[in-house]
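Colleague: Sequence and computational prediction follow.
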Amino acid sequence: MRYVDEYRDRRLVDKLVRRIASTAQRGYVFMEVCGGHTMAIHRFGIPSLLPGNIRLKSGPGCPVCVTGKSYIDRAIAYARMTDNIICTYGDLLRVPGSYSSLHEQRSGGTDIRIVYSLLEALEVARQHPHKRVVFLGIGFETTAPASAVGIMQARREGLDNFFVYSSHKLMPPAMEAIVEEGVPIDGYLCPGHVSTITGSGIYSHIPRNYGLGCVVSGFEPSDILQSILMLVEQMEDRRPGVEIQYRRAVKPQGNEKAQQYMEEVFEPRDDWWRGLGILPQSGLGIRDAYAGFDAEKQMPVEVETRDDDRGWICGDILKGLRGPHDCKLFGSVCTPFQPVGACMVSSEGACQASYKYRSFR
Amino acid sequence: MCLSIPARIRDIEGETATVEVGGSLYRAGLQMLDDVQPGDYVLLHAGFAIQKISDREAQETLQLLREMGELE
Ligand code: SF4
């Protein structure tokens, strides 16, 4: 077992597709709220395999895409302060801020480093005791524990030149907001790796309050198709609930150790999402007990943000109201090489996935 | 960002493991997991092992799919 190829078996895939077709007595629309799912769905051409009455939509599941310009503007302000080094996951580099991007700043000579892991950022801080190292902490419940571990580690080592600028976000409030906005969907393909950390209980109010199906899915073709089948069965049997398809990695209670780190360092706060606006208690701020590592508290800056997505429909894409092909900039003005909107910047964004794999849905 | 990949643990040194993904080696923080050993598969996410992959569950899921009867 390598936990990859087995789930790409063509016979399994075909069988699942036939089973979905014979089970679904009416049309269904399901939404994935994980950038990893968006990518996998396009890459494996899942929409073209599905019967015509089953449609998939992307939701606000790409952390880079939902991050606002004000976050980028502020990160740039930090980057411009003398003695600062910015460490970031590569995805954020090309996201347009109001006036510039981190990529442009970097080309201009600002010290912005791409790291694969927060552990590398800690290493940079150790090597440069006279500089201030700011790590750009973005991502959902999957990445927030890593930032928490890093902050706790920095405290243990007495690294007083390490800071995190948190834009970590929580998935459930966004999933509720989508339903409250009246986006017509029948169920959620719940994010597998978020659930690895949180467990599946965080979705239980969605079937209960809104009657939508919820299945926590893995990322290989047979995982995704099996999850769609489970959603169809839930809806056909009129028993929407929360089920885990991705059982090899997700336990109902999640990873409790990771949850404890998150709880220790972060607390929920209101946060802004592209497309959805401000959602109550949907973001994670650093607790006062760790204020010494909080870039926002230690380096106050004023930034002037222009959040004007003129003529673009990135917001609607993230809500699942429209698809990439509905945007008049798609593929002409806005491409992965010259992205205009955030959904084209990230490999997990609906627009880039759609462009790269030439898929239409 | 949201990518997590199955990786096999080669060696463990303190809180860090060397893990293997398709022949390439990476470093992974083990802070979030208890009792993992060389040979175990874990999910690697942004430099951390975030969960041990359960072989039993993996086999069961596949078995279930293979045995799944066809409706038509
Ligand atoms: S094509 Fe570009 S501008 Fe249009 S919605 Fe997609 S990312 Fe936004």
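Modeller: Happy to help now that I have it.

Colleague: how far away is A:D9 from chain B?
Modeller: If you measure A:D9 against chain B using C-beta to the nearest C-beta, to the nearest Å, the figure is 9 Å. Heads up, the C-betas are built off the backbone N, CA and C, glycines and all.

Colleague: just A:V194 next, same as before
Modeller: The spacing between A:V194 and chain B, counted by C-beta to the nearest C-beta, is 8 Å.

Colleague: list the buried ones in the helix or strand in which that residue is found?
Modeller: Secondary structure here is read from DSSP states H and E; on that basis A:V194 sits in helix A:192-198. When burial is assessed from 16 or more other C-beta atoms under 10 Å in any protein chain shown, helix A:192-198 yields the following buried residues: A:192-198.

Colleague: Lowest average confidence across helices and strands of chain B, where is it?
Modeller: helix B:55-67 (a mean of 80; mean pLDDT, DSSP states H and E).

Colleague: what's next to it, contact-wise?
Modeller: Helix B:55-67 has contacts (C-beta atoms under 8 Å, 6 or more residues apart in numbering or on different chains) with A:1, A:3, A:6-7, A:12, A:15-16, A:222, A:226, A:245, A:247-248, B:41.

Colleague: Return the distance of that helix from the chain's centre.
Modeller: Remark: helix B:55-67 is offset 16 Å from the chain centroid, using C-alpha atoms, centre = their mean, to the nearest Å.

Colleague: likewise stretch A:188-198?
Modeller: Computed by C-alpha atoms, centre = their mean, the chain-centroid distance of stretch A:188-198 equals 11 Å.

Colleague: Equivalent analysis for stretch A:164-183, please.
Modeller: On the basis of C-alpha atoms, centre = their mean, stretch A:164-183 is displaced by 10 Å from the centre of the chain it belongs to.

Colleague: list the buried ones in that stretch?
Modeller: Residues of stretch A:164-183 classed as buried by neighbour count (16+ other C-beta under 10 Å): A:164-179, A:183.

Colleague: Just the ones in helices from those, please.
Modeller: Filtering the buried residues of stretch A:164-183 for membership in helices, criterion DSSP state H, returns A:171-179.

Colleague: still on that earlier bit, same list (the buried residues of helix A:192-198) but as JSON lines, adding pLDDT and distance to the ligand.
Modeller: Putting the buried residues of helix A:192-198 into JSON lines (pLDDT from 0 to 100; distance: C-beta to the nearest ligand atom, whole Å) gives the following:
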{"residue": "A:G192", "pLDDT": "93", "distance to the ligand": "24"}
{"residue": "A:H193", "pLDDT": "93", "distance to the ligand": "23"}
{"residue": "A:V194", "pLDDT": "94", "distance to the ligand": "23"}
{"residue": "A:S195", "pLDDT": "96", "distance to the ligand": "27"}
{"residue": "A:T196", "pLDDT": "95", "distance to the ligand": "28"}
{"residue": "A:I197", "pLDDT": "96", "distance to the ligand": "28"}
{"residue": "A:T198", "pLDDT": "96", "distance to the ligand": "28"}
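
Colleague: My guess is B:I12 contacts B:L30. True?
Modeller: Yes - counting by C-beta atoms under 8 Å, a contact exists between B:I12 and B:L30, whose distance comes to 6.8 Å.

Colleague: any residues in contact with both of the two?
Modeller: Any residue near both B:I12 and B:L30 by C-beta under 8 Å, 6+ apart counts here, and that gives B:V36.

Colleague: from memory A:S70 sits against A:T305, does it?
Modeller: Yes - the criterion here is C-beta under 8 Å, and A:S70 meets it with A:T305 at 4.1 Å.

Colleague: what is in contact with those two at once?
Modeller: Once C-beta under 8 Å, 6+ apart is applied, the residues that A:S70 and A:T305 both contact turn out to be A:S98.

Colleague: returning to what we had before: just give me the closest of the buried residues of helix A:192-198 to A:Q260.
Modeller: Sorting these by distance to A:Q260 puts A:I197 at the head of the list, at 10.9 Å, by C-beta to C-beta.

Colleague: got a list of what that closest one touches?
Modeller: A:I197 sits next to A:141-142, A:144-145, A:254-255, A:258-259, A:262, B:50-51 when contact means C-beta under 8 Å, 6+ apart.

Colleague: ditto for A:Q298
Modeller: Residues near A:Q298 by C-beta under 8 Å, 6+ apart: A:163, A:291-292.

Colleague: of the contacts of helix B:55-67, buried ones?
Modeller: For those, a burial check counting by 16+ other C-beta under 10 Å picks out A:3, A:6-7, A:12, A:15-16, A:222, A:226, A:245, A:247-248, B:41.

Colleague: if I look at the residue of chain A found nearest the ligand, how far off is A:S354?
Modeller: Taking C-beta to the nearest ligand atom, the ligand has its nearest neighbour within chain A at A:G341, 2.4 Å off. In this structure, A:G341 and A:S354 are separated by 12 Å, where distance is defined by C-beta to C-beta, to the nearest Å.

Colleague: Next: A:S166.
Modeller: For A:S166 relative to A:S354 (C-beta to C-beta), the value is 30 Å.

Colleague: helices and strands around the longest strand anywhere in chain B, which ones?
Modeller: Ranked by residue count under DSSP state E, the longest strand found in chain B is strand B:5-13. Using 3 or more C-beta pairs under 8 Å, 6 or more residues apart in numbering or on different chains; DSSP states H and E as the contact definition, the elements that strand B:5-13 packs against are strand B:16-21, strand B:24-29, strand B:41-45.

Colleague: Out of these, indicate the one that is most buried.
Modeller: Here the criterion is mean neighbour count by mean count of other C-beta atoms under 10 Å in any protein chain shown, and of the helices and strands packed on strand B:5-13 the winner is strand B:41-45, at a mean of 25.

Colleague: Quick one: distance of it to the chain centre.
Modeller: Averaging C-alpha positions (C-alpha atoms, centre = their mean) puts strand B:41-45 4 Å from its chain's average.

Colleague: One more: stretch A:81-99?
Modeller: With C-alpha atoms, centre = their mean as the basis, the distance from the averaged C-alpha position of stretch A:81-99 to the chain average is 18 Å.

Colleague: and that stretch, how far apart are its ends?
Modeller: Across stretch A:81-99, the straight-line distance between its terminal residues is 17 Å, by C-alpha to C-alpha, to the nearest Å.

Colleague: How much space separates A:K328 from chain B?
Modeller: Using C-beta to the nearest C-beta, one obtains 27 Å as the distance from A:K328 to chain B.

Colleague: Compute the number of surrounding residues for that residue.
Modeller: Other residues within reach of A:K328, judged by other C-beta atoms under 10 Å in any protein chain shown, total 12.

Colleague: Residue of chain A closest to chain B, please.
Modeller: Nearest to chain B, among the residues of chain A, is A:S117, at 2.2 Å (C-beta to the nearest C-beta).

Colleague: And the pLDDT at the residue nearest to that residue when sequence neighbours are not counted?
Modeller: Nearest residue to A:S117, sequence neighbours excluded (C-beta to C-beta, 6 or more residues apart in numbering or on different chains): B:G47, at 2.2 Å. With respect to pLDDT, B:G47 has a value of 92.
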